[in-house]
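>>> whatever this is, show me its structure:
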Amino acid sequence: MNKLNTPRFEQPEVSANAYQTIREFIYNEAGIDLGSGKQTLVSSRLNKRLRHHQLNSFDQYIELLLNKNSIEYQMAIDLLTTNETYFFREAEHLNLLKNLVLQHQPKDRNFRLWSAASSSGEEAYSIAMVLDDFFGSRGQWEIFGSDISSRMIKKAKSGLYQCHRIDAIPKDFLRKYCLKGTGEYDGYLLVDKKLRAKTRFAEINLTKLLPEVGEFDVIFLRNVLIYFDNKTKKNIIRSLTSKLRSKGLLFIGHSESLKGMDLPIKLIAPTVYQKK
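You can find the predicted model right below:
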């Protein structure tokens with residue numbers, strides 16, 4: 001029997017003009033500055049869309065994209081935004097959360113925390129484990145997670161993760177809050193439903209006007225500011241701090257800095273800021 005010849009997709013190069021258009025697109029839509037020289041990254045992330053639409057060039061793809069095809073618009077944003085995360089990342093922040101906030105939380109008030117760049121949900125569920133362990137049945141709390149990527153929000157809502165991503169979860173939390181998959185879900189774990197019930201997710205673009213989400217005691221905005229220029233950073237921080245309660249805290253990533261920016265917050269610990 002002769003083998004069928006499968007057409008071979010030639011991976012097109014991203015021209016300088018095409019790259020500049022895509023760079024402007026993701027900056028205008030998500031506030032992310034790709035900078036120069038990221039053609040290889042753009043090509044690797046978007047080539048699957050060219051294959052899907054049977055297009056031969058990035059110029060053809062841009063024509064499709066700029067026709068305001070809503071599905072392709074969101075798909076491109078999903079693919080071009082970075083979604084690297086894992087459970088208990090920068091875990092020292094969780095210790096600061098307990099010492100600076102939870103120890104002093106009024107018992108008669110619902111504690112609210114926003115994981116504002118939650119990606120696929122690992123950060124939000126890590127915090128949920130800490131909150132449930134701290135409060136037990138004594139207190140009320142809720143977590144709101146958001147991300148620009150609809151694909152990541154869908155994954156976060158499921159609470160289902162591959163087991164190779166769970167190494168940093170403390171063993172007692174792993175036993176208490178995670179269910180090991182069997183059968184078709186072998187190699188996966190599911191976050192316990194009581195944590196999922198107190199953790200909700202929504203698709204939000206932090207560079208646009210924020211929806212009505214209420215006020216929060218704490219906002220985590222970690223490892224995302226590095227992708228924005230200073231003007232966009234300031235706008236995002238001002239917008240988010242308007243959603244903080246009086247004296248509420250903002251956590252950013254350890255590789256990030258707000259130094260020299262005129263903002264309504266003050267530094268109280270490394271990468272931890274309090275609303276003025």
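
>>> next, the contact list for L66, please.
Contact partners of L66, counting by Cβ atoms under 8 Å, 6 or more residues apart in numbering, are 21, 25. Every residue, glycine included, has its C-beta placed from N, CA and C.

>>> can you do 10 Å?
21, 25, 72-73 (Cβ atoms under 10 Å, 6 or more residues apart in numbering).

>>> same thing with A202?
Per Cβ under 10 Å, 6+ apart, neighbours of A202: 118, 144-147, 153, 156-157, 211, 213.

>>> in three-state terms, label it for me.
strand (DSSP: H, G, I helix; E, B strand; the rest coil).

>>> center of this protein - which residue?
S119 (2.7 Å; Cα atoms, centre = their mean).

>>> what's that residue sitting at in phi/psi?
phi 50, psi -130 (degrees, to the nearest 10).

>>> check Y161 too.
According to degrees, to the nearest 10, Y161 has phi -140, psi 150.

>>> neighbours of it, how many?
23 (other Cβ atoms under 10 Å).

>>> beta-bridge partners for the closest residue in space to it that isn't next to it in sequence, please?
Spatial nearest neighbour of Y161, chain neighbours left out: L189 (5.8 Å); criterion: Cβ to Cβ, 6 or more residues apart in numbering. For L189, the beta-bridge partners under DSSP bridges are Y161, K180.

>>> and if you look at F201?
With DSSP bridges as the rule, F201 is bridged to G145.

>>> that one contacts F144, doesn't it?
Yes: shown here, F201 and F144 form a contact pair, counting by Cβ atoms under 10 Å, at 7.7 Å.

>>> settle it for me: which of these two has more neighbours?
More crowded of F201 and F144, by other Cβ under 10 Å: F201, with 24 against 21.

>>> can you give me the end-to-end distance of stretch 28-38?
One end of stretch 28-38 sits 17 Å from the other (Cα to Cα, to the nearest Å).

>>> just stretch 75-88 next, same as before
28 Å.

>>> for stretch 158-172, same thing?
End-to-end for stretch 158-172, by Cα to Cα: 22 Å.

>>> over to stretch 154-173?
End-to-end for stretch 154-173, by Cα to Cα: 24 Å.

>>> now intersect the contacts of L66 with the helices, please.
21, 25, 72-73 (DSSP state H).

>>> out of those, who's nearest K234?
Checking the ones in helices among the contacts of L66 against K234 with Cβ to Cβ, the nearest one is F25 at 22.2 Å.

>>> now that closest one: closest residue in space that isn't a chain neighbour?
Per Cβ to Cβ, 6+ apart, closest to F25 is L65, 6.8 Å.

>>> any chance of the contacts of L66 in TSV, plus neighbour count and distance to Y161?
As requested, the contacts of L66 are exported to TSV (neighbours: other Cβ atoms under 10 Å; distance: Cβ to Cβ, whole Å):
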residue	neighbour count	distance to Y161
T21	18	36
F25	18	31
E72	17	28
Y73	16	28
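
>>> okay if I get the residues you listed as CSV plus pLDDT?
Shown next, in CSV, are these (pLDDT from 0 to 100):
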residue, pLDDT
T21, 94
F25, 92
E72, 87
Y73, 85
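
>>> thought S120 was touching T85, still the case?
Yes: contact criterion Cβ under 10 Å: T85 and S120 qualify, at 6.3 Å.

>>> who's more crowded, those two?
Neighbour count, other Cβ under 10 Å: between T85 and S120, S120 has more, with 26 against 22.

>>> what about the nearest residue to the more buried one once chain neighbours are set aside, how many neighbours?
Among residues not flanking S120 along the chain, K155 sits closest, at 4.4 Å (Cβ to Cβ, 6+ apart). Look at K155: counted by other Cβ under 10 Å, it has 19 neighbours.
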